[in-house]
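J.: Need coordinates for the below:
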Amino acid sequence: MAKTIKHSEFVLIGGGIMSATLAILLFEKFPGKKITVLEKLPKMAEESSEAWNNAGTGHAGNCELNYTPEKKGEIDISKAIDISEQFNDTLEFWENCADKGYIKNLSKCINKVPHLSFVEGKKNVAYLEKRWKALKERPHFKDMLFSKDIDKIKEWIPLMMQGRSEKEALAATYFENGYDVNFGEVADQLFRFLGKQPNVKLINNSNVYNLQKTDNKRWLVSVKGQNVGKHWKIVSNYVFIGAGGGALPLLEKSDIKEARGYGGFPISGLWLRCTNPEIIEQHQAKVYGKAKKGSPPMSVPHMDTRMINGRKELLFGPFAGFTTKFL
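T.: Okay, the predicted model is just below:
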C-alpha cells in the first residue's frame, strides 16, 4: 500500500535532456503549474544524456551519410535538410535559454567542431561528390567543401591520413561550423534552474514501476524510493516518459494503443577513448564514415573530437555491445 499520494499537473519520468527540455517549455507555457521530474539515479542526466554515453554530435546533416541515401542514381537530401533545420531551431532554443538565465554557461554545453564525411573507394567517392553538389545549393550547406586531393584531406584530418597510400581513392567533405554538444551539461544546467523554482520538484532515487489510467481519466504513477524502499503514488493530468530504456515497459503498462507493436534489442554503442594528449591534439573534427551496404547506421565509424568538462577528448567507435538495459 502506498503511504503517500501526491498530485502534480505534469509528471516527467526520467531526468535526461528530453525531460529537461520539456520541463522548461512547460514552465514557460503554464506558469505556476506544478511540474514533477522523477529520476531513478542519484543525479539527473547520468544515463543516456551523460557525455560519455553518446557521440555528442550536434546532428545537422553535415556529415551523416545515412541521412542522404542514393535512390535510383539520385541523392535524396530531404532528411538532411529537415535535420539541419531542426538542429538550428534547437541551437536557437539553447541560446534563448542562455539569454533568459536558464543556462548559465553555454560554452560548457556546445562548442564548434568541424564536421567531416570521409569515404574510401571509387564508388563511394563518386557518391560523396554527388551528395556535396546536391547539398551545397541549399543555404545551410553552402559553406561545405569537397576534396579528393590527398594533401587537402591531410590538412583537415592529419591523424587519420597517416600511413595511407597516395594511390587510394579517397574523398572528404568539410563543414567548419559544426558542433559538439554535451547533452548532459545542457540538461544539468536546465535542471539547476528548474530546481530553484517553487512549482518544480526534482525527485531522485525514485523508480517508476507502474502507470495506469484512473476512472476520472488522470494518471496514477507508482513510485519506489530506492534509498528507503518507500512506495508512494502521484496523480497527474499529464505524464511524459523520457526514461530512455525504461520507456518501453512503462508504455506497455500505460495500455495506450500507440504503445503497441514496439520492441527493442539490447545493443549498445561502445567507444574507445584516447588518453594520450599528443594524439588528441592531432585531431580536430568529428569524422563520419559510410556504413557498409545493408548495415545499420550504428555501424558508421566515427572519430570524434569532444569537449567534456572543459577538456578536449578523442573517441573512436562505435563498437556493438550487449547490455541488459537500453541507453
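J.: so how many other residues sit close to S206?
T.: 22 (other CB atoms under 10 Å). Heads up, the C-betas are built off the backbone N, CA and C, glycines and all.
J.: same question, K213
T.: Around K213 there are 13 residues (other CB under 10 Å).
J.: Likewise for Q282?
T.: For Q282, using other CB under 10 Å, the count is 14.
J.: how close does it sit to M160?
T.: 9 Å (CB to CB, to the nearest Å).
J.: same thing with L65?
T.: Distance from L65 to M160, by CB to CB: 16 Å.
J.: neighbour-wise, which of the two wins?
T.: Neighbours were counted for L65 and for M160 using other CB under 10 Å; L65 has more, 23 against 20.
J.: Pull the contacting residues for that one.
T.: S117, V119, L128, R131, Y288, G289, K290, A291, V300 (CB atoms under 8 Å, 6 or more residues apart in numbering).
J.: Now do the helices in this protein.
T.: 17-29, 78-99, 122-135, 150-156, 158-161, 183-194, 247-254, 277-280 (DSSP state H).
J.: closest to K112 out of those helices?
T.: For K112, the closest of the helices of the chain is helix 78-99, at 11.1 Å, according to CB to CB.
J.: Can you give me the distance of L116 to W132?
T.: Taking CB to CB, one finds L116 at 12 Å from W132.
J.: Over to H231?
T.: H231 is 57 Å from W132, by CB to CB.
J.: Which one's more surrounded, those two?
T.: Taking other CB under 10 Å, H231 and W132 do not tie; W132 has more neighbours (21 against 14).
J.: my guess is that one meets T173, correct?
T.: Yes - in this structure, W132 is within contact of T173 by CB atoms under 8 Å, at 5.3 Å.
J.: V125 and L170 touch, don't they?
T.: Yes - between V125 and L170 a contact is recorded at 7.0 Å, counting by CB under 8 Å.
J.: Give the residues shared as contacts by these two.
T.: V119, K148.
J.: Looking only at neighbour counts, state which of those two leads.
T.: Shown here are V125 and L170; by other CB under 10 Å, L170 has more neighbours (22 against 18).
J.: Pull up the per-residue confidence for that one.
T.: L170 carries a pLDDT value of 97.
J.: That one contacts E120, correct?
T.: Yes - the pair L170 / E120 is scored as a contact, 5.8 Å apart, by CB under 8 Å.
J.: Low-confidence ranges, the stretch 101-250 of the chain, go.
T.: 226-229 (pLDDT under 70).
J.: quick one on the thing from earlier: wait, which of the contacts of L65 is closest to N96?
T.: So of the contacts of L65, ranked by how close each gets to N96 (CB to CB), first place is Y288, at 28.6 Å.
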